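**Q** predicted structure and sequence below. I'll ask about it afterward.
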Amino acid sequence: MKLKDKVAIVTGAGQGIGRAIALGLAREGASVVAADINEQQAKAVAAEIEKAGSPSIACQTDVSKTDSVEKLEVQVLQHFGRVDILVNNAGIYPVCPVTEMTKEIWDRVVDTNLGGNFNCSRAVVPHMRSAKAGRIICVSSTVGYKGAKNGAHYAASKAGIIGFVKALAWELAPDQITVNAICPGITDTAQPRGHRSEEELFSQAQNIPMGRIGRPEDMVGPVVFLAGDAASYITGQALMVTGGGFMF
Amino acid sequence: MRNVNSVAIVTGGANGIGRAVALRLAAANFLVELVDLEKDKAEKVKTEIVTAGGQAEAYGIDATDERQVKIVIADVTRRHGRVDAIANIAGGTVYLKRIEELTWEEWKADLDRNLKATFLFCREVAPIMIGQGNGRIVNTASNYGLTGSALRTPYSAAKAAIIGFSKSLALELAPFGVAVNIIAPGPTDTPRVLAKSTVEARQRWRDRIPMQRTAQPAEIAEGVAFLVGPESGYMTGQTLHVNGGLVMS
């Protein structure tokens, strides 16, 4: 087990990629804080982890709200007394052309996807600094590099994460705390189904050299690797987990 | 002796990063085929692996010699019937010269040592991996392949070329279940580097690296182990930078 005795926070852990990461970190021995805006889903994931034999708690968290993230921080410290790994995964993608995009929609996406990375990272960094160790892993997207129709807010937020990751990597490197990103390509979750039919979703496989779209489980290995001791000298990087669909 | 699950070839396996990769893959239950110009040192690494309960074989060949590469791969497949992974670590540079001082032969030598050796081994193992329906190839670039480096024009060109080559090969082999990725080490404390760099030069490096230290060969080996292991199953054509933040891709 690669993450024995570590405490990990996963945001957006209630479903999709976040859920897979939460379960995957627990399989490697980590205690997992499943944070999600949807309390029911967070609780279900925490229960699943507990049932599999790892300690877990659920937190109802809106990562775009400072007070909500402060509450998360307090709960984590009360329960586990420390935090070794933060996976900033929570994100939303309400597709919308720029001409129809209200400032409210823009703000909601950027505040959640990018602002959530800021809020959660700021909350855990002091604890990681005093431990002189820590891993922050942010879930960006290939859309942050390529853009996507009707996704200007999402693309901006995901590209913003890359800049944030690199800057924070510089800031925390002297304390041997690493900050990296993974960039999934199109993945079999609820998110792309918001604007794609089943047929459209799976037909994307024809653009992917490995011949299939991503699965949440595909993202787990790279996150476990970055979270573990094996990645001690890797910081400021973005791993494309795309089946070759996007090479960088 | 442990039961090995798979066969991995490690070129340049006798020294430095290659040796660390060989030891790491042996620990991950690969039977390691060490390929190196220095047969005696490869034998020593083999002994090290076997003593630790692993399995290894050593070949002393020039990785830029087409005929010798073919012979080694034919021998490995004859004995084991498969090649699950290859880490093309052999490479490096011996030149630190201004362009007007470089001869064509020196340029060629650096390109061959890095790019040609990588090409030759990939060409020989690709059909085997296609036949198996799976396989992992890891080629070695360098932060210099992205940033360039004064006085290292041939080496930087070769390392950048390895990235382009590997991405193309990744596209070519993905339909057959074969992944091709790239490891890009930053400054690493290998015996060769330690022997030729001054204390001041090493301090200058540390000042430029966000993590304020250079890499241990074992840290590069962990990256290679990730790229040949199941955790990176949905990654191909990617460059993994293990450089303490020196270059952020």
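**A** Looks like it arrived, so ask away.
**Q** for residue 183, name its beta-bridge partners.
**A** Defaulting to chain A. Beta-bridge partners for residue A:183, by DSSP bridges, are residue A:240.
**Q** sorry, should have said chain B
**A** Residue B:183 has these beta-bridge partners by DSSP bridges: residue B:140, residue B:240.
**Q** ok, now how distant is it from chain A?
**A** Residue B:183 sits 11 Å away from chain A, going by Cβ to the nearest Cβ, to the nearest Å. Quick note: C-beta positions are derived from backbone N, CA and C, even for glycine.
**Q** what's the neighbour count on that residue?
**A** Close neighbours of residue B:183, defined as other Cβ atoms under 10 Å in any protein chain shown, add up to 25.
**Q** for it, list the residues it contacts.
**A** B:87, B:138, B:139, B:140, B:141, B:220, B:223, B:224, B:227, B:239, B:240, B:242 (Cβ atoms under 8 Å, 6 or more residues apart in numbering or on different chains).
**Q** give the helix, strand or coil label for the second one.
**A** I take that to be residue B:138. Counting by DSSP: H, G, I helix; E, B strand; the rest coil, the backbone at residue B:138 sits in strand.
**Q** for chain A, what lies in contact range of chain B?
**A** A:166, A:169-170, A:173-174, A:176, A:209-211, A:214-215, A:218-222, A:224-225, A:230-244, A:247-248 (Cβ under 8 Å from any Cβ of the partner chain).
**Q** just give the closest residue to the residue of chain B at minimum distance from chain A, not the sequence neighbours.
**A** Nearest residue of chain B to chain A: residue B:231, at 2.8 Å (Cβ to the nearest Cβ). Once flanking residues are discounted, residue B:231 sits nearest to residue A:221: 2.8 Å by Cβ to Cβ, 6 or more residues apart in numbering or on different chains.
**Q** what does residue A:142 give?
**A** Closest to residue A:142 by Cβ to Cβ, 6+ apart is residue A:246, at 4.4 Å.
**Q** the one you found - that's part of a strand, no?
**A** No - looking at residue A:246 with three-state DSSP, it is coil, so not inside a strand.
**Q** so what's it up against?
**A** Contacts of residue A:246 by Cβ under 8 Å, 6+ apart are A:142, A:145, A:146, A:183, A:185, A:240.
**Q** mind running it again at 6 Å?
**A** A:142, A:185, A:240 (Cβ atoms under 6 Å, 6 or more residues apart in numbering or on different chains).
**Q** pop out the phi and psi values for the first one.
**A** Main-chain torsions, residue A:142, degrees, to the nearest 10: phi -60, psi -20.
**Q** ok, it touching residue A:183?
**A** Yes - with contact defined as Cβ atoms under 6 Å, residue A:142 counts as touching residue A:183 (5.1 Å).
**Q** which helix or strand contains the closest residue to residue B:176 other than its chain neighbours?
**A** In space, and not counting its chain neighbours, residue B:176 is closest to residue B:130: 4.4 Å by Cβ to Cβ, 6+ apart. Secondary structure assigned from DSSP states H and E places residue B:130 in helix B:117-132.
**Q** just to check, the residue nearest to residue B:176 is in contact with residue B:174?
**A** No - taking contacts as Cβ under 6 Å, residue B:130 lies outside contact range of residue B:174: 11.1 Å.
**Q** neighbours around the residue of chain A found nearest chain B, how many?
**A** Residue of chain A nearest chain B, by Cβ to the nearest Cβ: residue A:221 (2.8 Å). Residues lying near residue A:221 (other Cβ under 10 Å) number 21.
**Q** same check on residue A:236?
**A** For residue A:236, the count of nearby residues is 27 (other Cβ under 10 Å).
**Q** do the same with residue B:176
**A** Neighbours around residue B:176, by other Cβ under 10 Å: 16.
**Q** around chain A, which positions in chain B sit nearby?
**A** Neighbours of chain A within chain B, by Cβ under 6 Å from any Cβ of the partner chain: B:167, B:170-171, B:174, B:210-212, B:215, B:219, B:222, B:226, B:231-232, B:234-238, B:241-242, B:244-245, B:248-249.
**Q** got a list of what the residue nearest the centre of chain B touches?
**A** By Cα atoms, centre = their mean, chain B has its centre lying nearest to residue B:89, at 1.8 Å. By Cβ under 6 Å, 6+ apart, the contact set of residue B:89 is B:11, B:12, B:17, B:18, B:21, B:140.
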